[in-house]
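In: Okay, here's the prediction I keep looking at, along with the sequence it came from:
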Amino acid sequence: MPKRVAIVGVGLTRCSSWRRDVSYPELVYEAVSAALQDAEIGPEAVDAVVYGSMDPFDGLNAPERWCVDACASAGALNKPLLKISTGGTTGGSAALGGYYHVASGMFDVVLVVCSQRVGETLDAQRVLNTAVDPVYERGFGVGAITVGAIQAASHMHRYGTTEEDLARVAVQNHDNSANNPYAHLRFKFTVEDALASRVLSWPLHLSDCCPSSDGACAVIFASEQKAPKLARQPAWVRAAGQITDNYFMGDRPWAEDWDSLAILARRIYRLAKIDNPRREIDVAELYQAFSIQQILEYEALGFCEKGEGAKLIREGVTAMGGELPVCPSGGVLCTNPIGASGLIRVAEAALQVMGKADLRQVPNVKTALAHAWGATIGFHTLMVLDREAP
Amino acid sequence: MTTEQEEPLIVEGRWDIPYRHTAGKAASRFLRELKENKRIVGVRCPKCRRVLVPPRSFCERCFVATEEWVPVQDRGTLDTFTVVFEQFLGMPPPPYCVGMIRLEGADTSLMHYVSEVDMSDLEKAKQNVRVGMKLQAVWKDEREGRISDILYFKPV
Amino acid sequence: MVRRVAVVGVGQTYHEGAKNTQSYYDVVFEAATRALEDAALEKGDIDTVIASGWDVADGRTLSDMYLVPAGAGYLKDSAKAAEDGVLAFAYAYMRVLSGAFDTVMVVAHGHTEHPSELVSNVVFDPFFFRPFGASTITTLALQVCAYAHKYGVTSEQAAGVVVKNRRNALDNPYAHLRSGVSVQDVVRSPPVAWPLRALDCPPRSVGAVALVLTTEERVKRIRPEGVAWVRGIGWAVDGYELGAADLSRLSSLAAAAERAYSMAGVKKPVEEMDVAEVHDITSYHELMAYEALGWAQPGGGARLLEEGVTSRGGKLPANPSGGALSTNLHAGSGLLRVAEAVLQVTGRAGEHQVDGARTALAHGTSAAAGPAAVGNCVVILGRD
C-alpha cells in the first residue's frame, strides 16, 4: 500500500504566445516562487526535485540544466533532481514522478516543475514532426493537427458528431478561460464564430486547435506527516497512473475510440474505488489539444456511453454549473505550453480540491480528475485528487 | 525470400529547426551595456553579497531576486581553460581556447575565448596559456548586444 | 519496515562501435530480453518500465514511444527519465519501494547516431555559453584543468586510470574496447580539448543494458539466491553556472554518496566495499570520483591509484569491467556501472569477477546532457 501523498502548493505563470519579458530560468523562477509561497516554505524545505519538459521544443536540450537553480536552488544545494520527458504527458508523468518520490517514503517534500517555451519555436509542427519515425513516416508532413483531424473525422463518421459539437467544446473552454488569469487565450466567441474560422486540417477549424504557449508550472507534493502542516486543505492523491500504447497508429485504426485511455481509466477507478465516475467526480481537468478530444475523453473516461460524448456538451453537463464541470481553467485548448500542460491539469485539479481556484472554483469539490495524453495518442496519465486521504 | 546478402540501410536525418530566444531581464541589460556603453555589469545578491557575472535575475544559492547592478572591470584572471584541437561537427574550427575568466570586481567567472596566443600546436599552447594569467577584453567596434561584442580576451 | 528491493535480472548486449543491422530500440529489445531470461521471467511479469536517454540525442522527439515497448512496456505504466539509465534506476527503485508495483524493468542504451558535442552544445543557453562551443567534452576539460592545476595532477597520473581500465576490459567479453594501452599511448594520443587527450576520453559505443528489480516477496519465488539487494542509493545535481562553481570537486557526487552511505549504514567505504564501478567519464574524473566518494582526501585520488588500492588485486578494485573508458553508452554508462556491480555481488562477473565480493558501490553520472559531470547517482548493492 503506497504511502499517502498530497499536493500542498501550486505555482502558475501567466502563459502567452511568447513571454518575451523573461529568460527561461526567470520564467521557471516565477512558477517555483509562487508554489513555495503557496505552501509557505523556503527552498531548503524541498527534499527533491522532478523536472519535466518536452525537448527540443525550446531550442534547448535539457532546459533543467540551465534552470536548475530556479528550482529552489537545487544545484546550489546539491539536491536530488530527476528529469522526466514523455511528450505531451510530460506534465502528468512528472506529477507521477513527484508522487512516487514521496510514496516511496524516501522524501517528504518534493517540488515538481514543468516548463515549455513553444513561443521560442518558430515552427512547432516541424518540431512535432521529429517525433515521427524517420524511416517510415517522417516524410509525410504528419504532425499533431493531422492526428486530431483523423480522430474528429472518424468520430463524426461513426457517431454522427458534428462540426457544431466541436465548436461547442471550444466555446465552453473559452467561456471558462475568461476566469483564469494564467490562461493564454482569453476571449469568448460563439459557435457561429468558430465555424467561420478557417479550416486548418479538415474537419478542424482554428477554434478547434490549441495555441502554442510559453509557460511554467510548479506543484509541491508532501508526505502524510508534512501535508497537514503545509496546507489547510491538501489535495490527496487517491489514485494515479499511466499507460503506454505502441507507436504505430496504423496498428489501431479505430481512431474514434480512445481505448488506451479507457483501459487506464478502468485501472485508476478500480484503485480509487470509483464506481460511477460521472457522479463521483466533481470536476475534471482534461487535456484537449483539439476540441474533438474532449468528446472522446468523456467516453473513454466513462462519463457517458460510447458515441454519446457530443450529447454531454450539447446538454451542458460539463459546463460550469453543470453536473460535472470540465476544464474550468479553459483547458489545453486555451493554454498549451506542452511539457507543462499535463502538470497544469494536475495543478488546476489540486486548486479545485484545495478551494483556491478563485473565479474558476467549482463549489464543493471533493474529488477531481486530471488527465494528459501524448505521443501518437497512445500515452495517457490520470490522477485522482481528493479532500480526504485514501 | 532470402535476406542474407542484403546490405542494412542507414537513413539520414537532419533537424533544421529555427528558434528565437528570449534573453530576459538580466541578460538583456547586460547585453545592452556591452553594446551601448562598452562595459560589463554584474548583479550583487542582497543576501550573500556575491557579485554575479554573467548577471541573473536571482541568486541561485540564496533564491532571492538580484536587483543591484554593479559594473566590473573588463580585465581579469584565467581560472581554468581548455584548448580544443578536434573538429567536432557543428562546433568552431580548432585550435581555439575557451576559458573561465574572473573579472576584477566579480565573484564568479565568465566563459569566453582566449586569443592572441600561439596555440598552433599543443606544446606552444601549454606554454602560452596558463591558469592565473592576466587577461584583457578586446572589444568589437561595431557592437550588437551579444556576448561576441567582446571578441576575446588577450594576455596582458 | 522499509520494503527491500533487489535486482533480479541483468541483460546487456555485446557493446561495439557500430551495430548496423539493428535500430537503437532493437538493441534495447535485445538487452531487455536477456534481462527477462536472466530473471526467468516473461514480459507479463513486468509491471512497469522506466526508460532513459535524451530525445535530441536519439533524433526522435518522444523516443520513449520506441524504447518502452522494446522494454516490455506495451500497455503498461511507464515513464522515461531523460537522464542516464542510472537515474531511471533510482526512479524504478522508488516505484517498487512505494508498493504500487512489484517488478520493474529499467532500460538504457547508447548509439552513435548523433553528433555528441553538437547535441550537448544545445544544452547551454544561447547567450553566455553556447557561442563558445560549450559542450560535454569542453566543460569536462575545464573541470579537469581546474582539478589538475589545483592539485598538481599530471597527465601521466591520469593515464594510469586508462591503463588500469583498458586492461580490465580484456577480461570483459561484453566490453567495446578490448585492447590494453600504455601510459605513453595515452599521453601521446592527440589532444582533443586539452588537457584531455583522445585516450583520456571514453569511446562512443553502441549497445544496451537492462535490469529487472523486484520486491523481497517476489524474489523468494523467482530467484531465492543470487540477487543483489539495494542497500543504499543517493543522487544529486550541481549548478549550471560553471563560473560560480568549484570545478575541482564533484560536489554533487559527494552529496549523492553521503546519502547512499547513510542509507546503507556505511561508515568506512574503503573497508566496507569489496568492489566499485565508478563513472570514469574521463580518466581524471575517476580520480575526482575517489575523492568525492570519500576514499581519498581532495587531491589524493592519484595516490590511491598509484598505491594500487583500486587495482584488480587491491583493497577496493574500481572498474573491473573496464569502465566507461572501455565501453561508453551515452545514456547508459551509469546504468552499466550498476549492472556490473550486480554481477560482482552475485558472483557472475566471469573473468573479471572480484573474488568474494559481497558489497559493491556503483556510481553513474548523467552526463550526456549537461556541463561538467553535473548529475551523479550512487547505488550500494549487497549480496544480503
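Out: Now that the structure is in, tell me what you want to look at. Keep in mind the model is a prediction, meaning the values are calculated, not measured.
In: Pull up the residues of chain B that are close to chain A.
Out: Within chain B, the positions adjacent to chain A are B:11, B:13, B:15-27, B:56-58, B:60-63 by Cβ under 8 Å from any Cβ of the partner chain. For every residue, glycine as well, the C-beta is placed using N, CA and C.
In: let's see it at 10 Å
Out: B:9-28, B:48, B:56-65 (Cβ under 10 Å from any Cβ of the partner chain).
In: Surely C:Ala257 touches C:Met273?
Out: No. Counting by Cβ atoms under 10 Å, C:Ala257 sits too far from C:Met273 to count as a contact (11.0 Å).
In: Overlap in contacts, the two.
Out: Common contact partners of C:Ala257 and C:Met273 (Cβ atoms under 10 Å, 6 or more residues apart in numbering or on different chains): C:266, C:293, C:295, C:361, C:380.
In: Next one, pLDDT for the first one please.
Out: It stands for C:Val266. Here, the pLDDT recorded for C:Val266 equals 98.
In: tell me the contacts of it?
Out: C:Val266 neighbours (Cβ under 10 Å, 6+ apart): C:231-232, C:257, C:260, C:272-273, C:294, C:359, C:361, C:380.
In: any idea which of those is the one closest to chain B?
Out: C:Ala257 (21.5 Å; Cβ to the nearest Cβ).
In: roughly how far apart are that closest one and chain A?
Out: 11 Å (Cβ to the nearest Cβ, to the nearest Å).
In: That residue: how many residues sit nearby?
Out: 27 (other Cβ atoms under 10 Å in any protein chain shown).
In: Next up, the contacts around the nearest residue in space to A:Val28 that is not next to it in sequence.
Out: Among residues not flanking A:Val28 along the chain, A:Ala70 sits closest, at 3.9 Å (Cβ to Cβ, 6 or more residues apart in numbering or on different chains). Neighbouring residues of A:Ala70 by Cβ under 10 Å, 6+ apart: A:23-33, A:51, A:63-64, A:113, A:115, A:216, A:218, B:56-58, B:60, B:63, C:240.
In: Next step: these restricted to helices.
Out: Taking DSSP state H as the definition of helices, the contacts of A:Ala70 contribute A:24-33, A:63-64.
In: Could you dump these into CSV and include neighbour count and pLDDT?
Out: As requested, the ones in helices among the contacts of A:Ala70 are arranged in CSV below (neighbours: other Cβ atoms under 10 Å in any protein chain shown; pLDDT from 0 to 100):
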residue, neighbour count, pLDDT
A:Tyr24, 27, 95
A:Pro25, 26, 96
A:Glu26, 24, 96
A:Leu27, 28, 96
A:Val28, 30, 97
A:Tyr29, 28, 97
A:Glu30, 21, 97
A:Ala31, 28, 98
A:Val32, 32, 98
A:Ser33, 20, 98
A:Pro63, 30, 94
A:Glu64, 34, 96
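In: if we take those residues, which one ends up nearest to chain C?
Out: A:Tyr24 (7.3 Å).
In: I am assuming the closest one contacts A:Asp214, so please confirm or correct that.
Out: Yes. Under the criterion of Cβ under 10 Å, A:Tyr24 makes contact with A:Asp214 at 9.4 Å.
In: tell me, what's touching the two both at once?
Out: Between them, A:Tyr24 and A:Asp214 share the contacting residues A:58, A:115, A:117, A:120, B:22, judged by Cβ under 10 Å, 6+ apart.
In: Helices of chain A, start to end?
Out: Going by DSSP H, chain A shows helices at A:24-39, A:63-66, A:90-103, A:124-129, A:144-159, A:163-177, A:191-196, A:227-230, A:259-272, A:277-280, A:291-300, A:309-314, A:331-334, A:338-354.
In: and the ones you listed, which one is worst for confidence?
Out: helix A:124-129 - the lowest mean pLDDT of those, at a mean of 73.
In: Work out for me the element the spatially most central residue of chain B sits within.
Out: In chain B, the residue lying closest to the centroid (Cα atoms, centre = their mean) is B:Met111, at 3.2 Å. Per DSSP states H and E: B:Met111 is located in strand B:110-114.
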